[in-house]
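Colleague: Provide a 3D model corresponding to the input given below.
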Amino acid sequence: QVQLVESGGGLVQAGDSLRLSCAASGRPVNSYTMSWFRQTPGKEREFVAGITWNSGRTDYANAVEGRFTISRDNAKSMVYLQMNSLKPEDTAVYYCALYWKLIVTIPVEANEYVYWGQGTQVTVSS
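Modeller: Now for the predicted structure:
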């Protein structure tokens, strides 16, 4: 089993920055793609950003491209999401997810991911 714990969410104003962190434990995750998703009430969970096991490739949703940066520190089993120039429409619960297959790809469908964190709330006021 793998446990994922997100942190770093909060209430900020439009234009501010936040850095989300995801700590993995239980089993080694260094060989697997990890991603961030977000969800608002009544909507499907949507892909935000993903990173392959060696950081060789990243992928972003169009809505966050150029503002968000995903990174990972395999020595610490951590994944990060640096969010700059935040907008009210970025308000959501943000989830860390682990793609539990040894394939170098970044799925954008939530049902491809096996392990999930509990989520951290990000609220951006206008």
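Colleague: what is the burial count for residue 88?
Modeller: Neighbour count for residue 88, taken as other Cβ atoms under 10 Å: 11. Just so you know, the C-beta spots here come from the backbone N, C-alpha and C atoms, and that holds for glycine as well.
Colleague: so it touches residue 40, yeah?
Modeller: No - Residue 88 lies out of contact with residue 40 (Cβ atoms under 8 Å); the separation is 11.2 Å.
Colleague: nearest the geometric middle of the protein, what residue?
Modeller: residue 36 (2.0 Å; Cα atoms, centre = their mean).
Colleague: look at that residue and give its secondary structure.
Modeller: Secondary structure assignment for residue 36 (DSSP: H, G, I helix; E, B strand; the rest coil): strand.
Colleague: try residue 11
Modeller: strand.
Colleague: roughly how far does it sit from residue 82?
Modeller: 18 Å (Cβ to Cβ, to the nearest Å).
Colleague: neighbour count for those two, which is higher?
Modeller: With neighbours defined as other Cβ under 10 Å, residue 11 and residue 82 compare such that residue 82 has more, 15 against 12.
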